[in-house]
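Trainee: here is a sequence together with a model predicted from it:
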Amino acid sequence: MTYGKRLKKAYETVDTQKVYELDEAIQVIKGTASAKFDETVDIAVKIGVDPKQSDQMVRGAVSLPAGTGKTLTVAVFAKGPKAEEAKKAGADLVGDEDLAADIMVGKINFQRLIATPDMMGVVGRLGKVLGPKGLMPNPKLGTVTMAVADAVKAAKAGQVQFRVDPSAVVHAGIGKASFGADQIKQNVEAFIKALLALKPASAKGVYLQRITLSTTQGVGVKVSVSSVAG
């Protein structure tokens, strides 16, 4: 495998076999972030579940203390007073049948979709379009709710959604390389705390098995689980 000069240099300066304490791992990934843009800090957590079992499908959302470093475009399905609440809270798109019509023809210019429960009949017809993109509102994620203003504000303030993939790994973007080390640490700890709270009762053995931090164009750095959730 061949690497670009930037990535090759990162591999030369990072011990990919070493398991770093969280504070040191953060300094390493910040030190190797050298792209011309502000790279995203990503976390990947291997958890002890079987995603094929419906009762072990870990999925949730967490509001990160330091935010994510980017602002989501938020759309809301709502009518009447709830539509007005959503607009006042900062929603970028608010509608019902008109919004559904736009989505059906491929106008999906948003990253988070929220709906009031009474609108799920309309939203349900869009499942084949929204589902593959991970945009379908879900009560477990707080995106099917009457508290639309709170949901919009949370999305805008840095809430991230996550779900375990088929290989039992949970991925999320938890900040930017330009963040201070303390900000990244707070976000990592908040993410792991949220993940722990969702541990399925049926999951056996070690739940948090491996944690890796990286930046968009950086090298994955292994993080000691005990230094995060000790």
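Mentor: That came in fine, so what should we check first? Residues are numbered from 1 along each chain as shown.
Trainee: test my guess that residue 157 contacts residue 61.
Mentor: No: applying C-beta atoms under 8 Å as the test, residue 157 and residue 61 come out as separate, 11.9 Å apart. Yep, even glycine has a C-beta here, placed from its N, CA and C like the rest.
Trainee: next, count neighbours for the closest residue to residue 92 other than its chain neighbours.
Mentor: In space, and not counting its chain neighbours, residue 92 is closest to residue 73: 4.8 Å by C-beta to C-beta, 6 or more residues apart in numbering. Number of residues near residue 73 (other C-beta atoms under 10 Å) recorded here: 14.
Trainee: same check on residue 174?
Mentor: Neighbour tally, residue 174, other C-beta under 10 Å: 27.
Trainee: OK, contacts around the residue nearest to residue 92?
Mentor: 92, 93, 109, 110, 111, 112 (C-beta atoms under 8 Å, 6 or more residues apart in numbering).
Trainee: of these, closest to residue 219?
Mentor: Closest approach between these and residue 219, by C-beta to C-beta: residue 111, at 26.9 Å.
Trainee: any stretches of the chain with poor pLDDT?
Mentor: Residue ranges of the chain with pLDDT under 70: 1-12, 230.
Trainee: run through the helices of the chain in chain order.
Mentor: Taking DSSP state H as the test, the helices found in the chain are 5-13, 22-32, 80-89, 97-104, 120-124, 127-130, 148-157, 181-197, 225-229.
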